[in-house]
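A.B. asks: sequence-free structure coming up:
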């Protein structure tokens, strides 16, 4: 971290959000980061992610290098600042699907970062609540499937918000 860096001011953020070149660079940086973590952006409009080639080694690195958890928090916050918050839920729900259905990315430290920090990077209160409830259900043993992941993101794109999390007990 650069402790001498000045915080971005609201007028600077507003100007950056209006600059398509800046937004393209942020998305490009996000895509590069995802590849480093073993993921790839499949749909920039919904935030849908998949596994990148060689994901297994990258997932192992992510699990064995917990300093990346703070980086992920900063990346998610940056996406929110730049008006790209819809990508955050795609990331969170991809990780949840990997944990729930595939038993990947599933250490207590990573789960703790996700539950306590990353999920709270969502500024939209309704989305934060929905994602939090979905995480809680998965932590209580319900499977959050790939189909649910994709359906949830598509629903949000079409309806403007997430539908109620699917639950076998409902």
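C.D. replies: That came in fine, so what should we check first? The structure displayed is predicted, hence computed values, not measured ones.
A.B. asks: Which secondary structure elements does the helix or strand harbouring residue 152 sit against?
C.D. replies: Using DSSP states H and E, residue 152 sits in helix 146-159. Here helix 146-159 touches strand 48-51, helix 86-102, going by 3 or more CB pairs under 8 Å, 6 or more residues apart in numbering; DSSP states H and E. Backbone N, C-alpha and C define where each C-beta goes, glycine included.
A.B. asks: so residue 135 makes contact with residue 119?
C.D. replies: Yes. Here residue 135 reaches residue 119: they are 6.1 Å apart, a contact under CB atoms under 8 Å.
A.B. asks: Let me see the contact set for the spatially most central residue of the chain.
C.D. replies: By CA atoms, centre = their mean, the chain has its centre lying nearest to residue 91, at 2.3 Å. Listed by CB atoms under 8 Å, 6 or more residues apart in numbering, the contact set of residue 91 reads 34, 39, 47, 49, 72, 76, 118.
A.B. asks: if we can go back for a sec, angle of the helix holding residue 152 against helix 86-102?
C.D. replies: 160 degrees (axes from the mean of the first three to the mean of the last three CA atoms, to 10 degrees).
A.B. asks: what about the chain, any weak spots by pLDDT?
C.D. replies: 1, 163-170 (pLDDT under 70).
A.B. asks: mind running it again at 90?
C.D. replies: When residues are selected by pLDDT under 90, those of the chain lie in 1-3, 5-8, 160-170.
A.B. asks: ok so, going back, what's the spacing between the helix holding residue 152 and its chain's center?
C.D. replies: Its chain's C-alpha centre and that of helix 146-159 lie 14 Å apart, by CA atoms, centre = their mean, to the nearest Å.
A.B. asks: Could you do stretch 90-110 as well?
C.D. replies: That offset, for stretch 90-110, works out to 11 Å (CA atoms, centre = their mean).
A.B. asks: one step back: out of the helices and strands packed on helix 146-159, deepest packed?
C.D. replies: Each of the helices and strands packed on helix 146-159 was given a mean neighbour count from mean count of other CB atoms under 10 Å, and the largest, a mean of 23, is that of helix 86-102.
A.B. asks: Now do the helix or strand following that one: everything it contacts.
C.D. replies: Where DSSP H and E defines the elements, the next helix or strand beyond helix 86-102 is helix 108-116. When contacts are defined by CB under 8 Å, 6+ apart, helix 108-116 is touched by residues 62, 63, 66, 69, 72, 73, 92, 95, 96, 99, 135, 139.
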